[in-house]
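Q: Predicted model and sequence follow; I will ask about them next.
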Amino acid sequence: SAKSRGRGSFRFFEPELDQLLQARRGLERDLRSALLNGEFELHYQPFLNVATGETSGFEALLRWNHPQRGMVSPVKFIPLAEETGLIVPLGEWVLRTACAEAAKWPDDLKIAVNLSPAQFRSQDLVPVVISALANAGIAPHRLELEVTETAIIHDSEAVFAALGQLHDLGVRIALDDFGTGYSSLSFLQRFPFDKVKIDRSFVSELSGPTDESRRIARAVVRFAVSLGKTTTAEGVETREQLDILRADACAEVQGFHFSPPIQGTKVAQMISERAPAMTERPVVRRAIAG
Ligand code: C2E
Ligand code: MG
Ligand code: MG
Ligand code: MG
């Protein structure tokens, strides 16, 4: 009968489902010990000023160096860390580590840190940020907090209050992945954003296959620029994309065309190579000059 066939086909998938659940449980268990075992690390990707070609700062991107699985992408474990609440202590570690790293850099370089929705719900985001800045000894204006629309659209009163307090302290607030969420003009005006980061999907369409997709992507860039905030294009991979972004007055760029995320020790090296700028063109500047 149809019913037994249905059950049969369900059974057929059962081992797979079971494997999936087990893999998830394993990952969750490992995630719990990873912070204690020091398996997380931050990589840093520069963002550059389009007009000067200089590096403005670095975005901290979390990596999990799993003893068996190797490097695990944040796309894989951040959703799990969010579901289990582990993102709160993990996010705090990211903030403190990133600020401490930035303390080693020249004062004009910013550090950008991604925040999860759960960190806003945890109540003590503001004191944690204040403490991370104080411990590292860096000025609030050097810290940029990246939030996505989905993080702030829910529970927006509490989030608005926290963002407002952080903004008043001098911390910069960036809207990440712009164009992928529900942004309305009123929403963008209501939150105290300093920066809008255009999602990589639009940046790649700038040099896309059809006239229409290119036009839409350009309209998104122009819209972001017209908001009067600093506009950063993420995922810039080609010279062509950079030229379009420059023509449309996009202020900052970030992407593989300039540099992938790199280890902290490499950042220090990059910075020291930038120091004798009179005799040698800095690495990053050379990258933007194409
Ligand atoms: P995001 O904040 O939008 O970061 C940009 C992602 O695009 C990064 O992936 C980066 O490595 C990648 N990327 C940069 N340039 C290029 C490019 O030119 N081409 C392509 N194809 N990709 C590029 P990653 O490091 O895998 O991070 C993925 C996402 O995970 C991040 O998106 C962010 O939402 C989240 N994430 C990373 N670190 C943290 C963290 O510390 N806390 C939280 N809450 N989320 C994090
Ligand atoms: Mg980001
Ligand atoms: Mg992004
Ligand atoms: Mg993203």
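A: Happy to help now that I have it. All of these numbers come straight from a predicted model, not from anything done at the bench. Ligands and ions are numbered 1, 2, ... in the order given.
Q: so how far is ligand 1 from Thr55?
A: Distance of Thr55 to ligand 1, given as CB to the nearest ligand atom, to the nearest Å: 14 Å. C-beta coordinates here come from the backbone N, C-alpha and C atoms, glycine included.
Q: Just want the most central residue of this structure.
A: In the chain, the residue lying closest to the centroid (CA atoms, centre = their mean) is Asn114, at 4.7 Å.
Q: Excluding chain neighbours, what is closest to that residue?
A: Glu146 (4.7 Å; CB to CB, 6 or more residues apart in numbering).
Q: what's the neighbour count on the one you found?
A: Residue neighbour count, defined by other CB atoms under 10 Å, stands at 21 for Glu146.
Q: Show me what from this structure comes close to ligand 3.
A: 176-177, 234 (CB under 5 Å from the ion).
Q: How about the secondary structure of the residue nearest to Asn114?
A: Here Glu146 takes the strand state, with states given by DSSP: H, G, I helix; E, B strand; the rest coil.
Q: Pull up the per-residue confidence for Ala174.
A: Per-residue pLDDT puts Ala174 at 96.
Q: all helices of the stretch 51-200 of the chain, in order?
A: Ranges of helices in the stretch 51-200 of the chain, per DSSP state H, counting those that start in this stretch, are 74-84, 87-102, 117-121, 125-136, 149-153, 156-169, 185-190, 200-205.
Q: Kindly reformat these as CSV containing distance to Met270.
A: Output for those, formatted as CSV (distance: least, CB to CB, whole Å):
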stretch, distance to Met270
helix 74-84, 22
helix 87-102, 13
helix 117-121, 29
helix 125-136, 20
helix 149-153, 30
helix 156-169, 28
helix 185-190, 33
helix 200-205, 22
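Q: Could you identify which of those has the lowest mean pLDDT?
A: Among the helices of the stretch 51-200 of the chain, helix 185-190 scores lowest, at a mean of 75.
Q: which other residues reach that one?
A: 149, 153, 160, 175, 196, 227 (CB atoms under 8 Å, 6 or more residues apart in numbering).
Q: just these now: which is nearest Val75?
A: Taking CB to CB as the measure, Glu149 is the one of those closest to Val75, at 17.7 Å.
Q: count of neighbours near that closest one?
A: 20.
Q: I figured it was touching Tyr182, is that so?
A: Yes: here Glu149 reaches Tyr182: they are 5.8 Å apart, a contact under CB atoms under 8 Å.
Q: ok, and the closest non-adjacent residue to the residue of the stretch 151-290 of the chain found nearest ligand 2?
A: Nearest residue of the stretch 151-290 of the chain to ligand 2, counting by CB to the ion: Asp176, 4.3 Å away. The shortest distance from Asp176 to any non-neighbouring residue, by CB to CB, 6+ apart, is to Glu146 (4.2 Å).
Q: Tell me the bridge partners for the one you found.
A: The bridge-partner assignment for Glu146, based on DSSP bridges, gives Asn114, Ala174.
Q: follow-up on the earlier one: how about the residue of the stretch 151-290 of the chain closest to ligand 2, what does it touch?
A: 114, 146-148, 197.
Q: ok, now how distant is it from Lys195?
A: 9 Å (CB to CB, to the nearest Å).
Q: now do Ser213
A: 25 Å.
Q: is any part of stretch 24-42 close to ligand 1?
A: No: applying CB under 6 Å from any ligand atom, one finds stretch 24-42 out of contact with ligand 1, separated by at least 7.2 Å.
Q: Name the residues of that stretch that are buried.
A: Residues 27, 30-31, 34-35, 39-40, 42 are the ones in stretch 24-42 that count as buried (16 or more other CB atoms under 10 Å).
Q: Likewise for stretch 163-173?
A: 163, 166-167, 171-173.
Q: farthest pair in these?
A: Going by CB to CB, the pair spanning the buried residues of stretch 163-173 furthest: Leu163 and Arg172, at 10.8 Å.
Q: So for Gly290, what's the pLDDT?
A: 44.
Q: From here on, call the first residue 437.
A: Sure, I'll start counting at 437 from here, so that last one is Gly726.
Q: residue boundaries of the strands in this protein?
A: Along the chain, counting by DSSP state E, strands occupy 476-485, 491-502, 506-508, 546-550, 579-584, 608-614, 631-634, 666-669, 688-689, 698-699.
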